[in-house]
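Chemist: A predicted structure for the sequence below; I have some questions about it.
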Amino acid sequence: MSESKKTLDTTDVDRWIGVPLGGGQIKDPVHPNDIRRWAQGMQNPNPLYYDEQYAAESIHGELVAPQSFTVCTDVGHGATPAIQGHIEGQHMLFGGDEWWFFGPRIRPGDTIRQDRMLFDYKVTETKFAGPTMFSRGDTTYINQRGELIAKQRSTSIRYVAEWAREKAQFADSQEKTWTDEEIEEIERQKMDYYQTHIDLGHEKRLFVKAGEKLPQRPIGPHTIQSFTTEWRSYTMTVWGASVEYGSSSTFSAGWLPEMSRDQEGSKIDPANADGLYKGPSRGHVQPRYAQLIGMPRGYGYGASMGAWILDYLNNWGGEQSFVLHSDMKYRFPALTGDVTYLNGEVEDVGRDETSGLPVATVSVRMTNQEGAEMAAGKAKVQLPEA
């Protein structure tokens, strides 16, 4: 098909806009090990999230989940409302997340449910796949007391996998081989970063000014093993952890046969529909399927990229800080062999209209070792009073 004649038929998508959606819900309350596993999977060794003695000495008085954990209480990374309607031969990538947080922290024993709805979409011509849909869907997170925890507006990039293979945007992409000396230097940089939140400890983040640089956070080099560990830190990936309810077309969105879930087979072996061995997420850790959808090799999860950013902001602000809002666009994948670097800068410090507490506007930029911009955006971080 010529480039000029390629179009996406969005007819079936239109009927889902503004319709309350079902999907998956996690059955059980949050367990302390769910939080610990999350911190481990996101490579975030902040003792507030895994050491109950350290957490007991904090302002929280007990083990508490990082704000990034919110997406772990969902089934589908918060992206399911943005993958509605059938587009034959499609696949999807994450295009970004906007978060609004309302106050309650998630703690062990909490039960979280989600309300979901497809918000809107647009079709744009891209170098990656030609006609490409950018669809936005909302997920609202509510605890067992009926308190609003957060709202996530996730952007899904939906495209025809065959057209992405034809474009071959990543045809020249080669996995980097790191020397022992380079690996040692990256590990040193990681330890330097971790030390920054250890040094802050239970103290307040005070005297923040515009122009202040946040410490650089390195993650990686990414491997099939690290991506697998990430995937398994999502509670939804545990066999039998969730139950489906209501109406949703995510499973019938037009996935390639190789990327579809075998729902009948999963009744005998849940691996047939768990997303990692078989299903839409297998391309993250199986290069042959990554290439089937236009990617060069194993690649990271958009929801994890969002979590890295939220953890980065929480670690900088300290245990008495709170991310009020974050709006991040994802522009380049985390590929196996790459190292991800997060850098931030305080643009402004004002006052929250409701609480009167200081609020820092922080710009965040995520790049790889070659300087390619993977994600960028701004967040508002509420800080403690002196």
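Modeler: Good, I have the coordinates. Numbering: from 1, shown residues only.
Chemist: what about the strand or helix carrying residue 313, average pLDDT?
Modeler: Residue 313 is part of helix 302-317 when elements are defined by DSSP states H and E. Mean per-residue pLDDT for helix 302-317: 97.
Chemist: just stretch 273-283 next, same as before
Modeler: 89.
Chemist: Show me what residue 74 is bridged to.
Modeler: Counting by DSSP bridges, residue 74 forms beta bridges with residue 25.
Chemist: So the nearest residue to residue 169 once chain neighbours are set aside versus residue 284, what's the distance?
Modeler: With Cβ to Cβ, 6 or more residues apart in numbering as the criterion, residue 169 has its nearest non-adjacent residue at 5.1 Å, and that residue is residue 128. Backbone N, C-alpha and C define where each C-beta goes, glycine included. From residue 128 over to residue 284 the distance is 17 Å, taken as Cβ to Cβ, to the nearest Å.
Chemist: so what's the residue nearest to residue 322 when sequence neighbours are not counted up against?
Modeler: In space, and not counting its chain neighbours, residue 322 is closest to residue 382: 4.5 Å by Cβ to Cβ, 6+ apart. Going by Cβ atoms under 8 Å, 6 or more residues apart in numbering, residue 382 touches 317, 321-324, 352, 355, 357-359.
Chemist: helices or strands next to whatever helix or strand residue 96 lives in in the packing?
Modeler: Element membership for residue 96, per DSSP H and E: strand 90-101. Secondary-structure packing of strand 90-101 (3 or more Cβ pairs under 8 Å, 6 or more residues apart in numbering; DSSP states H and E): strand 148-160, helix 161-167, helix 302-317, strand 322-330.
Chemist: And that strand, what's buried?
Modeler: 90-101 (16 or more other Cβ atoms under 10 Å).
Chemist: Restrict that strand to CA atoms and write it as PDB.
Modeler: Coordinates of the C-alpha atoms in strand 90-101 are reproduced here as PDB (Å, rounded to 0.1, in the frame of the first residue of the first chain):
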ATOM      1  CA  GLN A  90      -2.200  -3.000  15.700                       C
ATOM      2  CA  HIS A  91       0.300  -2.800  18.600                       C
ATOM      3  CA  MET A  92       0.800  -0.100  21.200                       C
ATOM      4  CA  LEU A  93       3.600   1.800  23.000                       C
ATOM      5  CA  PHE A  94       3.300   4.200  25.900                       C
ATOM      6  CA  GLY A  95       3.300   7.900  24.800                       C
ATOM      7  CA  GLY A  96       3.200   9.500  28.200                       C
ATOM      8  CA  ASP A  97       1.400   9.800  31.600                       C
ATOM      9  CA  GLU A  98      -0.200  12.700  33.400                       C
ATOM     10  CA  TRP A  99      -0.800  12.200  37.100                       C
ATOM     11  CA  TRP A 100      -2.800  14.100  39.700                       C
ATOM     12  CA  PHE A 101      -2.300  12.900  43.300                       C
END
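Chemist: the inter-axis angle of it versus helix 302-317?
Modeler: Counting by axes from the mean of the first three to the mean of the last three Cα atoms, to 10 degrees, strand 90-101 points 20 degrees away from the direction of helix 302-317.
Chemist: And the strands in the stretch 151-300 of the chain?
Modeler: In the stretch 151-300 of the chain, the strands defined using DSSP state E, counting those that start in this stretch lie at 217-219, 242-245.
Chemist: what about dumping the CA coordinates of the longest one to PDB?
Modeler: This file holds the C-alpha atoms of strand 242-245, laid out as PDB (Å, rounded to 0.1, in the frame of the first residue of the first chain):
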ATOM      1  CA  SER A 242      -7.000 -10.200  39.400                       C
ATOM      2  CA  VAL A 243     -10.600 -10.600  38.200                       C
ATOM      3  CA  GLU A 244     -12.200  -9.200  35.100                       C
ATOM      4  CA  TYR A 245     -15.500  -7.200  35.300                       C
END
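Chemist: Report the rounded mean pLDDT for that strand.
Modeler: 92.
Chemist: Sheet partners, orientation included, of it?
Modeler: For strand 242-245, using DSSP bridges, the partner strands are strand 23-26 (antiparallel).
Chemist: picking that back up, in terms of packing, which of residue 128 and residue 284 has more residues around it?
Modeler: residue 284 (25 against 16; other Cβ atoms under 10 Å).
Chemist: Okay, now the unreliable bits of the chain?
Modeler: Judged by pLDDT under 70, the chain has its weakly predicted residues at 1-4.
Chemist: Identify each buried residue in stretch 24-33, please.
Modeler: 24-26, 30, 32.
Chemist: With distance to residue 267 added, can I get those in JSON lines?
Modeler: Formatted as JSON lines, the buried residues of stretch 24-33 follow (distance: Cβ to Cβ, whole Å):
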{"residue": "24", "distance to residue 267": "16"}
{"residue": "25", "distance to residue 267": "19"}
{"residue": "26", "distance to residue 267": "20"}
{"residue": "30", "distance to residue 267": "27"}
{"residue": "32", "distance to residue 267": "31"}
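Chemist: which of the residues you listed lies closest to residue 73?
Modeler: residue 26 (5.9 Å; Cβ to Cβ).
Chemist: Identify the residue spatially nearest to the residue most central in space within the chain, adjacent ones excluded.
Modeler: Nearest residue to the geometric centre of the chain (Cα atoms, centre = their mean): residue 303, 1.4 Å. Spatially, and ignoring its direct neighbours in sequence, residue 303 is nearest to residue 77 (3.7 Å; Cβ to Cβ, 6+ apart).
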